[in-house]
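Quick one: sequence plus predicted model below, questions after.
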Amino acid sequence: MRTYSLRHLADSTLRHALRQLVVSDLDTTALIVAHIAEFIARTLYLEDGYASMYDYCLGELRMSEDVACRRIRAARAARRFPQIFDALADGRIHLTGISLLAPHLTEENAQALLAACVHKTKREIQLVLAARFPQPDLPTFIASLGAAGAAPVTLPSPQVVLGQTPAMPDTVVEVGTSPAHSSAPARIDGPVIPVVTPLAPGRFGWQLTVDQETQDLMGDVEDLLGPDVRPGDMAAVLKFALRAAKEKLLQRKCAQTEQPRRGRHSKADRRHIPANVRRVVWKRDGGQCAFVSDTGHRCEERKDVQFDHIDPYAQGGEATVGGIRLLCRAHNQYEAERTFGAEFMRHKREAARVRASDASEAGARGPSSAESAGSPTGGRE
């Protein structure tokens, strides 16, 4: 069993060992990033039952969210600019620095920008980026505390909100930075991490910016609710609106209703998925992607799941409860490529993009042109 007590080491030995470990760690980090880059290129995370590399890093490799984001961002950048691997391995630029630089690197500026950030701290790299890619000033933070006549207060900066945020009243709604200044990382290979801070068991602080229409809708819903909510209780208004939206979206997505009608479906139309089939499949699969890897891991994705023919429609698949499943967009495409081949699906997606572009242009010219234009399709047929 390894012991971590190093009291017996001489100062010179400890100093040398620490340096060697750091050098080894740098090389290991570069290798991890290289492996992630190749893993992404082969989309092996799909085969293992994950909708994205980000989900794979969290679920399979047990990385934290910020570590996964930095490594994936660095891996994507290093695929375009391989000199990043050497910069990481010899410690010229640390992983956080590469993560900061990645969104700004282009073929024209990569060499100069990477050279400008050699052996710089995170703060120093931020200053380099601020000089080369200036951003507009941050807007002032304001808060609506809900109580009538409550005075506005100044909120902490986004960095503080993301960390150890002081407890806030239940009805605080924060209006803060524009998306360009959001502390949440950009989409990497999975969901954007929202600026939501756990405050206590079952209690969360939100940070968001709303436009005038959203603000007006909030006021309209509050007025319509009348005495059902306390005046200014924006959290209660938001909960009511989200419940109503969820009910409406489930009705549209999977025909969920308290009074379902008897299905009337022609067997000749195998592409159409009847409402009763969608309801049963959605409940059976729990609104979650049903893809299961060879090792038994089921994809946990719930966002943008789609109804998929288990046996492709083009090969005689039936729109029955036993013939339909839920798949996330990534695994729907993965299964299509396994069935028809990646090149076939690439041409199909390109043709769909062309049709969508033609339809958009036709729509701009007039309704009669738009009606004759094609529409994009996806998934397996």
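That came through, no problem.

what sits opposite Phe307 in the beta ladder?
Counting by DSSP bridges, Phe307 is bridged to Leu326.

per-domain residue ranges of this protein.
15-132, 142-252, 275-372 (automatic domain parsing).

now those as CSV including distance to Gln259?
Any C-beta I mention is one placed from the backbone N, CA and C, and that applies to glycine too. Conversion of the domains of the chain to CSV gives the following (distance: least, C-beta to C-beta, whole Å):
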stretch, distance to Gln259
domain 15-132, 34
domain 142-252, 11
domain 275-372, 12
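
And the helices in the stretch 251-381 of the chain?
For the stretch 251-381 of the chain, helices defined by DSSP state H, counting those that start in this stretch occupy the ranges 275-285, 329-340, 342-365, 367-372.

Which among those helices is found nearest to Thr106?
Closest approach to Thr106 among the helices of the stretch 251-381 of the chain (C-beta to C-beta): helix 342-365, 23.9 Å.

buried stuff in the closest one?
345, 348, 358-359, 362 (16 or more other C-beta atoms under 10 Å).

How about stretch 195-208?
195, 197, 205-207.

try stretch 324-334
Across stretch 324-334, burial judged by 16+ other C-beta under 10 Å covers 324-334.

What lies in contact with it?
Residues outside stretch 324-334 that contact it (C-beta atoms under 8 Å, 6 or more residues apart in numbering) are 43, 46-47, 51-52, 273, 277-278, 281-282, 285, 287-291, 299, 301-310, 335, 345, 378-380.

so Phe240 is in which element?
helix 234-254 (DSSP states H and E).

Determine the set of other helices and strands touching that helix.
Contacts defined by 3 or more C-beta pairs under 8 Å, 6 or more residues apart in numbering; DSSP states H and E place helix 234-254 against helix 212-225, helix 275-285.

Pick the most buried one from those helices.
helix 275-285 (a mean of 18; mean count of other C-beta atoms under 10 Å).

That helix versus helix 234-254: what angle between them?
120 degrees (axes from the mean of the first three to the mean of the last three C-alpha atoms, to 10 degrees).

distance between helix 275-285 and the chain's centre?
Taking C-alpha atoms, centre = their mean, to the nearest Å, one finds helix 275-285 lying 26 Å from the centre of the chain it belongs to.

Who are the packing partners of it?
Helices and strands in packing contact with helix 275-285 are listed as helix 234-254, strand 324-327; criterion 3+ C-beta pairs under 8 Å, 6+ apart.

I would like the residues contacting it, please.
Contacts for helix 275-285 (C-beta under 8 Å, 6+ apart): 250, 253-257, 260-263, 307, 319-321, 324-326.

May I have that helix exported as PDB, CA atoms only?
The C-alpha trace of helix 275-285 is given here as PDB (Å, rounded to 0.1, in the frame of the first residue of the first chain):
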ATOM      1  CA  ALA A 275     -50.200   9.200 -31.000                       C
ATOM      2  CA  ASN A 276     -50.900   6.100 -28.900                       C
ATOM      3  CA  VAL A 277     -47.600   4.500 -29.900                       C
ATOM      4  CA  ARG A 278     -45.700   7.700 -29.000                       C
ATOM      5  CA  ARG A 279     -47.400   7.900 -25.600                       C
ATOM      6  CA  VAL A 280     -46.600   4.300 -24.700                       C
ATOM      7  CA  VAL A 281     -43.000   4.400 -26.000                       C
ATOM      8  CA  TRP A 282     -42.300   7.700 -24.200                       C
ATOM      9  CA  LYS A 283     -43.600   6.200 -20.900                       C
ATOM     10  CA  ARG A 284     -41.700   2.900 -21.500                       C
ATOM     11  CA  ASP A 285     -38.400   4.600 -22.200                       C
END
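
tell me the contacts of Val33?
71, 74-75, 78, 84-85, 88, 95.

if you set the cut-off to 6 Å instead, what comes out?
71, 74-75, 78 (C-beta atoms under 6 Å, 6 or more residues apart in numbering).

which secondary structure element contains it?
helix 11-42.

buried residues in that helix?
Neighbour-count burial for helix 11-42 flags 26, 29-30, 32-34, 36-37, 39-40 (criterion: 16+ other C-beta under 10 Å).

of those, closest to Thr295?
Taking C-beta to C-beta as the measure, Thr295 lies nearest Phe39 of the buried residues of helix 11-42, at 15.6 Å.

For the chain, which element, helix or strand, carries the lowest mean pLDDT?
strand 173-175 (a mean of 33; mean pLDDT, DSSP states H and E).

Give the next helix or strand downstream of that one.
Sequence-wise, the next helix or strand downstream of strand 173-175 (DSSP H and E) is strand 196-200.

That next one pairs with which strands, and in what direction?
Assessed with DSSP bridges, strand 196-200 is paired to strand 203-206 (antiparallel).

Now find how far off-centre the partner strand is within its chain.
Relative to the chain's own centre, strand 203-206 is displaced by 19 Å; criterion: C-alpha atoms, centre = their mean.
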